[in-house]
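Participant: Fold the stuff below for me.
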Amino acid sequence: MKWIRYSSGETTSYGILTGSTVQPVVGDPFHGYDVTANQLQLKDVKLEVPVIPRTFYAAGMNYAQHVKEVAERHGIEPVLPVKADIGYRANNALLAHDEDVIIPADAGERIHYEGELVVVLGRKAKNVTEEQALACVFGYTIGNDVSERDWQKLDRTFWRSKNTDTFKPMGPWIETEFDISNARTEIRLNGQVSYSFDTAAMIFGVAHFISRMSQYLTLYPGDVIWMGTDGSSPNIRHGDVVEVEISGLGTLRNRFLRAGA
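Facilitator: Numbering: from 1, shown residues only. Next up is the predicted model:
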């Protein structure tokens, strides 16, 4: 089942997407809903970020090739992580499918993108085992983790490099019946494949992350966990369009514009 969050006129709602038809609901999929008798066409609504999370989590360095490429750029030996660590991102950075990423005028040239699987929680999770963890997942969507690498080096935290407004496109919908085992992530720049990888080839999987996190913090319905990326991107230029496609989920597409250009 595909869930979208959409705007029609002045109203933003959740709906169930079947083909090109939207079935609006009253309520939301995390706290209860009623299906209405109305029907809308996807072309007649505006897709929004599919969920505004209570807490926005992000795994880093969760694919071996990504670790190796980062190490190579810095001239050091790659060291794979020995435990699943998690970071936080800011909701202000979230951006919907087909909206423009705005690069600040004073940003450097090293603007990079990373296609990621996003886990959407559907149940409260606290002290769950790995065997219990996947039952807490509502569904999956797609993220594009945009970073300004010069700021990432200069600042003591990632407050600008990762969390600038529009730097976290997510969407276009939440798929509840996704099978990660055969999924492949493909990232395209202006229609040409930039890199691709097996989505499931993580160092630490979804169940492991949820279980480990839940030993220390409480996960709530609607929370999201971005699972990291493999490969690396070229520098983004003004006007570039990036598409992140995950088989079985769909395609997230966004154009990049530099402010003042």
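
Participant: which residues touch the longest helix anywhere in the chain?
Facilitator: Of all the segments of type helix in the chain, defined by DSSP state H, the longest one is helix 64-74. Outside helix 64-74, the residues that touch it by Cβ atoms under 8 Å, 6 or more residues apart in numbering are 61, 77-81, 197, 201, 203, 228-232. (Each C-beta comes from the backbone N, C-alpha and C, glycine too.)

Participant: rerun that using 6 Å as the cut-off
Facilitator: The contact list for helix 64-74, computed with Cβ atoms under 6 Å, 6 or more residues apart in numbering, reads Met61, Pro78, Leu80, Thr229, Asp230, Ser232.

Participant: wait, what's in contact with the fifth one?
Facilitator: When the contact criterion is Cβ under 6 Å, 6+ apart, the partners of Asp230 are Tyr63, Gln65, His66, Phe197.

Participant: list the buried ones in the helix or strand of the chain with the lowest mean pLDDT?
Facilitator: Scoring the helices and strands of the chain by mean pLDDT, DSSP states H and E places helix 64-74 at the bottom, with a mean of 74. Neighbour counts over helix 64-74 (16 or more other Cβ atoms under 10 Å) mark Ala64, His66, Val67, Glu69 as buried.

Participant: now do stretch 179-187
Facilitator: So for stretch 179-187, counting by 16+ other Cβ under 10 Å, buried means Ile180, Ala183, Thr185, Glu186, Ile187.

Participant: Under the pLDDT cut-off, which ranges of the stretch 51-200 of the chain? List them.
Facilitator: The stretch 51-200 of the chain contains residues with pLDDT under 70 at 71.

Participant: Against Val25, how distant is the residue at the greatest distance from the centre of the chain?
Facilitator: Within the chain, the residue lying farthest from the chain centre (Cα atoms, centre = their mean) is Ala37, at 31.2 Å. For Ala37, the distance to Val25 (Cβ to Cβ, to the nearest Å) stands at 11 Å.

Participant: Val118 now?
Facilitator: When Val118 is compared with Val25 (using Cβ to Cβ), they lie 21 Å apart.

Participant: Same question for Ala200.
Facilitator: 31 Å.

Participant: swap in Ala259?
Facilitator: Distance, Ala259 to Val25, using Cβ to Cβ: 37 Å.

Participant: Mind checking which of these two has more residues around it?
Facilitator: Neighbour count, other Cβ atoms under 10 Å: between Ala259 and Val25, Val25 has more, with 18 against 11.
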